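Student: Have a look; sequence and predicted model below, questions after that.
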Amino acid sequence: MTDKTILITRPLGDERALTDLLHEQGYRVIHEPLTTIYLEHNQRHALEEALLDEPDAIIVTSRHAVNALALLTDLRDQFLLCVGEATAAAAHSLGFERVSTGGGTAQKLCQMIIDSYDPESRFLYLSGKHIRLSMADALAEHGMDVQTLVVYDAVASEQLSDILVAQLQRRAIDGVSFLSPRAAIIFQRLLEKAGIAGAVSSLEAFCLSEAVAAPLAGSGWKAIHITEEPTLASVVECVDNTFRRHA
């Protein structure tokens, strides 16, 4: 066990894998969801209509999209193009057997599709309300047709919990992990709302990419680290490299 505590900012249920990996390395973990996931139950008919068009594959870039698909239809024979291993594992656990995995980011998944499919291929993209990359626009440039269906929303928290505010005030947290730019933006906004924006001066930020780190720049963080790969294992490696190097 180390003396370091890491804050995870993922939605409820999404924190488990990273929590387990950090625990294995001896870190204490605190979880504060910055968004709450709501599935769009009213999209059942729209999904059924979209599936009748028999797309070549269904694109999913989060396990929440897979959960929505499993909830809204009993069919399990669609071919799924998943952004990464975690999304693919969620698909397999829900009974989907025809699953392919991208490179861990939406950009890499998009490139895989471009390399693997002919122009005029047709896809159904099950997305959240808040997305950074428009798969429809990116693939349309290569002659592919993508129907986008919003099947869940990640609603931002309105404030940090009193417990977390107190922990930040007494500097009981050493690092914060961010896996999306939106999480970084929400965290910064809620710190300011709580009147503790200066708390970041004692915090190390661990970000999944440069895009994730960008909203934190210039805010006074002790340090902002970017993982070598867009994976949870790389997040833990980044944490280890930072804290064990200074041990």
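Tutor: Okay, I see it. Fair warning: this is a prediction, and the values are worked out from it, not measured in the lab.

Student: For the rest of this, base every contact and every neighbour count on C-alpha atoms.
Tutor: Will do.

Student: Could you check how far the lengthiest helix in the chain is from the centre of its chain?
Tutor: Ordering each helix of the chain by length in residues (DSSP state H) puts helix 181-194 first. Here helix 181-194 shows a centroid-to-chain-centroid distance of 16 Å under the convention C-alpha atoms, centre = their mean, to the nearest Å.

Student: as a whole number, average confidence for that helix?
Tutor: If you average the pLDDT over helix 181-194, you get 97.

Student: immediately after that helix, which helix or strand?
Tutor: Of the helices and strands lying after helix 181-194 in sequence (DSSP states H and E), the nearest is strand 204-207.

Student: pLDDT (mean, whole number) over that following strand?
Tutor: Taken as a whole, strand 204-207 carries a mean pLDDT of 98.

Student: And for stretch 14-24?
Tutor: The average pLDDT within stretch 14-24 is 94.

Student: What residues of it count as buried?
Tutor: Of all the residues in stretch 14-24, those buried under the rule 16 or more other C-alpha atoms under 10 Å are 15, 18-19, 21-22.

Student: returning to that earlier point: just checking, what packs against the longest helix of the chain?
Tutor: helix 210-213 (3 or more C-alpha pairs under 8 Å, 6 or more residues apart in numbering; DSSP states H and E).

Student: And for the helix it packs on, what's in contact with it?
Tutor: For helix 210-213, the surrounding residues in contact (C-alpha atoms under 8 Å, 6 or more residues apart in numbering) are 178-182, 184, 207, 224-226.

Student: ok, now stretch 132-142?
Tutor: With contact meaning C-alpha under 8 Å, 6+ apart, stretch 132-142 is reached by 106-107, 110, 114, 119, 125, 145-148.

Student: same check, this time on stretch 56-69
Tutor: Outside stretch 56-69, the residues that touch it by C-alpha under 8 Å, 6+ apart are 37, 39-41, 78-84, 86-88, 90-91, 94, 106, 121-128, 151-152.

Student: measure that stretch end to end?
Tutor: For stretch 56-69, the separation between the terminal residues is 16 Å (C-alpha to C-alpha, to the nearest Å).

Student: Show me which positions of it end up buried.
Tutor: Buried residues in stretch 56-69, counting neighbours by 16+ other C-alpha under 10 Å, are found at 57-69.

Student: How far away from the center of its chain is the helix or strand hosting residue 163?
Tutor: Using DSSP H and E, the element containing residue 163 is helix 162-169. Averaging C-alpha positions (C-alpha atoms, centre = their mean) puts helix 162-169 24 Å from its chain's average.

Student: And the contacts of the helix or strand that that helix is followed by?
Tutor: The first helix or strand that comes after helix 162-169 along the chain, using DSSP H and E, is strand 175-178. Residues from elsewhere that reach strand 175-178, judged by C-alpha under 8 Å, 6+ apart: 4-10, 184, 203-208, 212-213, 235.
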